[in-house]
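K.L.:
Please work out how this folds:
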Amino acid sequence: MMLSLESQALPLRTDAEGVVRVAGTRVTLDTLVAAFKQGATAEQIADDYPVVDLSDIYAVITYYLRHREDVDQYLAEQRREGERVRLQMRERIDPHGVRDRLLARRAHREGRNGPASGG
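P.N.:
Sure thing, here's the model as predicted:
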């Protein structure tokens, strides 16, 4: 019997925001690579992310190992972008006192409508 050797498509896709995800899932390349770098086996990753086929996890790990420099550069860029967005959000919304503002709003609403029923 002759073994048929064919190339398989890489199970990674870039979404509209430029984030690389495992095809057909919301699981990111960053998530799988981070788990692998922390010492998780493909089987352990599959247990943690059952929406990803074990064969796809092996394919992503293989891709990472063969393109480590490019993937690490992409991941560093994603971290920088995430930090930029966090800083932007921090400038727009002051996180200090959020709890107090929410509690005051709740108290005002309950004072207007009476206490909320405990269901």
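K.L.:
Mind telling me which residue is nearest the centre of the protein?
P.N.:
Among the residues of the chain, T28 comes closest to the average C-alpha position under C-alpha atoms, centre = their mean, at 5.1 Å.
K.L.:
can you pull the contacts of that residue?
P.N.:
V19, V20, R21, V22 (C-beta atoms under 8 Å, 6 or more residues apart in numbering). All C-beta atoms are positioned from the backbone trio N, CA, C, and that covers glycine.
K.L.:
which residues of the protein score low on pLDDT?
P.N.:
94-95, 114-119 (pLDDT under 70).
K.L.:
Now, of the contacts of T28, which are buried?
P.N.:
Buried by 16 or more other C-beta atoms under 10 Å: V20, R21, V22, out of the contacts of T28.
K.L.:
Spit out the contact partners of the last one.
P.N.:
By that I understand V22. Here V22 is in contact with P11, L12, R13, T28, L29, L32, V52, D56, V60 (C-beta under 8 Å, 6+ apart).
K.L.:
One more: the second one?
P.N.:
With contacts defined as C-beta under 8 Å, 6+ apart, the neighbours of R21 are L12, R13, T14, D15, V27, T28, L29.
K.L.:
Now distance to L3 and secondary structure too, for the residues you listed, in CSV please.
P.N.:
Formatted as CSV, these follow (distance: C-beta to C-beta, whole Å; DSSP: H, G, I helix; E, B strand; the rest coil):
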residue, distance to L3, secondary structure
L12, 26, strand
R13, 29, strand
T14, 33, strand
D15, 36, coil
V27, 31, coil
T28, 34, strand
L29, 30, helix
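K.L.:
Identify the farthest-apart pair in the residues you listed.
P.N.:
Spanning the widest gap among the contacts of R21 are T14 and V27, at 13.7 Å by C-beta to C-beta.
K.L.:
quick one, which of these two is more surrounded?
P.N.:
V27 (20 against 10; other C-beta atoms under 10 Å).
K.L.:
which strands and helices sit next to the longest helix that the chain contains?
P.N.:
Identified as the longest helix of the chain according to DSSP state H is helix 68-92. With contacts taken as 3 or more C-beta pairs under 8 Å, 6 or more residues apart in numbering; DSSP states H and E, helix 68-92 sits against helix 29-37.
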